[in-house]
Structure formats: C-alpha cells, structure tokens
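Asker: give me the fold of what follows.
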Amino acid sequence: MNFELFFYLLVFPGFLFTAILGLTVGWVDRKVSARFQYRVGPPFLQNFNDFFKLLGKETIVVKDGVKSMFVVAPFISFAMLVLVSAIVGTSLFFNISFGGDLIVIMYLLMIFSVMVVLGGSASGNVYSSLGAGREIKLLLADELAFILVLLVPIIKSGYQINLGNILAAQADGMFIGSASGIIAFIIGLLCIQAKMTLPPFHIPEAETEIVEGPFMEYSGPPLGFWKLNHFMMYVVFPFLLVLLFWGGFSFNGIEILWSVLEYLLIVVLMIIIKNTNPRVRIDTALNFFWKYATPLTLIAIVLAVFGY
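Answerer: Residues are numbered from 1 along each chain as shown. Coordinates of the predicted model:
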C-alpha cells in the first residue's frame, strides 16, 4: 500500500477525519435534540469520552451467542464505512476516483446493514434477534427506493457510475435544481433516515420495546465501534447526497462557506425529522417506502430520462 492510499483510508478523508467530524456532528445532534426536549444536553467532548471509555471496558459475550460473529460484526461494519468515506471523500475533496464507483458504494452500504443483522442474531438474546428481524424488514423496505434514488444522478450524468464523472456533469447546474433531482433528494434523505435507524424509523432499536435491539448485548470496544459507526454515518450519507445532488464542494473563496452550508443543511434536516416524528410501526414503514417512496422515485427516473 503506497502512502497516498494509506493517507486516504486512515487520515483524510477516511477514518480519522470521518470519525472526528462524525463524533462532533453527533454532539450537535444530541445538543439540538436536548433543546427540543427543554434539556441542556451533553458537553462538547461527551461522545469522545464515551467512545474512549468503552474501549477500556470488558467485552462480555452471552454464553449461547456465536462469539466470532458477535465480536467481528462491528469491526467489519467499521471497515465498510471507512472505505465508503474514503471513496466519497476523495471525489469530493480531491476530485479523483479512489477504490470504486456508485455500484461499489451500494454494495458496501448493504454489507453494513447485513452486519447489524448478523451481529444482533449472534448475540443469543431474544430481544436482539427481534431487533435483527426488524432490521431485515427495514432493509427490505428502504433498499429498493434507495437504489432507485441513486439511479437518478446516474441517468442525469449520461449513465455514468463514476463519482468524478457525476460531479463533472453538474458543472453547469446541480441536479437538485431539476424536478427529478429534488424528488430523488427528498426520498434519499428519508432513506438515509431509515438506514441510520433514526426516528421515525428507529424500529430495530426501539428502546422502550426491545432495549436497543441488535446492540442490546454489546459492551466494551464492540459497542464503542457500533456507536462510532453510527456517528460516522452523519458524515458519509450527507456527503454522498452533496456529491450526487448538490454538485460537490467548492473551496474557492466564499464558496467554502456555501459548501459548509450544504452539508449543515442536510444534517439539520435530519435532526429536525428525527425530533418531530414519533416511531412508526414496521408495516407503516413498509407501506410508506413501497407504496409512496418507490413510485415517486420511479417518476423521478422517468423525468430524468426525459431531461427534467
């Protein structure tokens, strides 16, 4: 592995950058959410303290669990997110293609959800297994709509799957400025909400019913990495939407401020949706994605084909 690949994966825009920014944005989420509930919220370094504290705790595995899968699942998910953040980030910040295209990103993000299911199922706990089952159903609900959302920028860029080419196709205008782009962006935002199991789609974790679901039996470093994975998704998914629909980032003068605002706008929308909607039932989520989100995204695809 040469120095550049090492740097992209482990420093910027991969592990170190995504982890630090994710933990920071996670604090923003917790702080704003606390204000919605008339609470003060945690101090700035709380997420960092929680992660490092978990690294020093003992990892306890249930006697009836499948130890190898239970322990390895959060680390495979972490590796997938580091890889996706490096692929998306190098296109956004350096305008170069690194490691894969949009199809690869689809596969890697699906592997993350599969690891959540396998890790929860391997714990030997009935509530974790229930949560894993709900995670499968949620994946079946949102995955088709999410894939169709990703097809819109592919079509509008002239059937390009390379991230750099999709960015280049937006040089004359962002895709979100079109009818198909705005529809796909809104559905994509809701799909991301489901993939991160944020309210109203936090069905697999449902604290009041199944006590964190797939993550119920996790402790120590594995739990710390599940938490870190969650916060890193606050970087990976908004960056992906910025790349696909907002024309990427610009670092020329005042345009840097616009780039930051693009990212913050998506994060703020996610936090508002999270704090203003109650949890829905799994059948409601299935109905929403299959009856409304998927047909709307199909309409967006047809509009994209005709250039709208």
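Asker: C-alpha from now on. contacts and neighbour counts both.
Answerer: Will do.
Asker: which intervals of this protein have sub-threshold pLDDT?
Answerer: Counting by pLDDT under 70, the chain contains low-confidence ranges at 1.
Asker: which of the helices or strands spans the residue nearest to residue 143 when sequence neighbours are not counted?
Answerer: Of all residues not flanking residue 143 in the chain, residue 191 sits nearest, at 7.8 Å (Cα to Cα, 6 or more residues apart in numbering). Counting by DSSP states H and E, the secondary-structure element that holds residue 191 is helix 179-195.
Asker: check residue 5 too.
Answerer: With elements delineated by DSSP H and E, residue 5 resides in helix 3-10, which encompasses its position.
Asker: pull that helix out as PDB, backbone CA atoms only.
Answerer: These are the backbone C-alpha positions of helix 3-10, laid out as PDB (Å, rounded to 0.1, in the frame of the first residue of the first chain):
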ATOM      1  CA  PHE A   3       1.500   6.400   1.100                       C
ATOM      2  CA  GLU A   4      -1.500   8.100  -0.700                       C
ATOM      3  CA  LEU A   5      -3.800   5.100  -0.200                       C
ATOM      4  CA  PHE A   6      -2.700   4.900   3.400                       C
ATOM      5  CA  PHE A   7      -3.400   8.600   3.900                       C
ATOM      6  CA  TYR A   8      -6.900   8.500   2.100                       C
ATOM      7  CA  LEU A   9      -8.000   5.500   4.100                       C
ATOM      8  CA  LEU A  10      -6.700   6.200   7.600                       C
END
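Asker: give me the helices and strands touching that helix, please.
Answerer: Here helix 3-10 touches helix 67-89, going by 3 or more Cα pairs under 8 Å, 6 or more residues apart in numbering; DSSP states H and E.
Asker: gap between residue 201 and residue 165?
Answerer: In this structure, residue 201 and residue 165 are 33 Å apart, going by Cα to Cα, to the nearest Å.
Asker: just to revisit the earlier point, give the buried residues for the next helix or strand after the helix holding residue 191.
Answerer: Following helix 179-195 in sequence order, the next helix or strand is helix 207-210 (DSSP H and E). Of the residues in helix 207-210, those buried under the neighbour-count criterion (16 or more other Cα atoms under 10 Å) are residue 210.
Asker: and the helix holding residue 191, what does it pack onto?
Answerer: Under the contact criterion of 3+ Cα pairs under 8 Å, 6+ apart, the helices and strands touching helix 179-195 comprise helix 126-156, helix 220-245, helix 255-276, helix 294-305.
Asker: could you export those as a markdown table, including distance to residue 43 and mean neighbour count?
Answerer: Converted to a markdown table, the helices and strands packed on helix 179-195 look like this (distance: least, Cα to Cα, whole Å; neighbours: other Cα atoms under 10 Å):
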| stretch | distance to residue 43 | mean neighbour count |
| --- | --- | --- |
| helix 126-156 | 30 | 22 |
| helix 220-245 | 16 | 22 |
| helix 255-276 | 18 | 16 |
| helix 294-305 | 40 | 20 |
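Asker: residue 116: which of the ones you listed is closest?
Answerer: Each of the helices and strands packed on helix 179-195 was scored for nearness to residue 116 using Cα to Cα, and the closest is helix 126-156 (7.0 Å).
Asker: now the element after that closest one, going C-ward?
Answerer: Proceeding N to C from helix 126-156, the next assigned helix or strand is helix 163-168, under DSSP H and E.
Asker: what's the distance between residue 148 and residue 154?
Answerer: Residue 148 sits 10 Å away from residue 154, going by Cα to Cα.
Asker: let me fix that: residue 202
Answerer: Residue 202 is 29 Å from residue 154, where distance means Cα to Cα.
Asker: before we move on, what about residue 44?
Answerer: Residue 44 sits at a distance of 39 Å from residue 154 (criterion: Cα to Cα).
Asker: spatially nearest residue to the residue sitting furthest away from the middle of the chain (excluding sequence neighbours)?
Answerer: Relative to the mean C-alpha coordinate of the chain, counting by Cα atoms, centre = their mean, the farthest residue is residue 63 (31.9 Å). Once flanking residues are discounted, residue 63 sits nearest to residue 124: 7.7 Å by Cα to Cα, 6+ apart.
Asker: who are the contact partners of residue 193?
Answerer: Shown in contact with residue 193 (Cα atoms under 8 Å, 6 or more residues apart in numbering): 199, 200, 201, 270.
Asker: ok, and the most crowded of those?
Answerer: Across those, the neighbour count under other Cα atoms under 10 Å reaches its highest value at residue 201, namely 26 neighbours.
Asker: what's the closest non-adjacent residue to it?
Answerer: Closest residue to residue 201 apart from its sequence neighbours, by Cα to Cα, 6+ apart: residue 194 at 5.1 Å.
Asker: list the contacts for the one you found?
Answerer: With contact taken as Cα under 8 Å, 6+ apart, residue 194 is in contact with 138, 142, 200, 201, 202.
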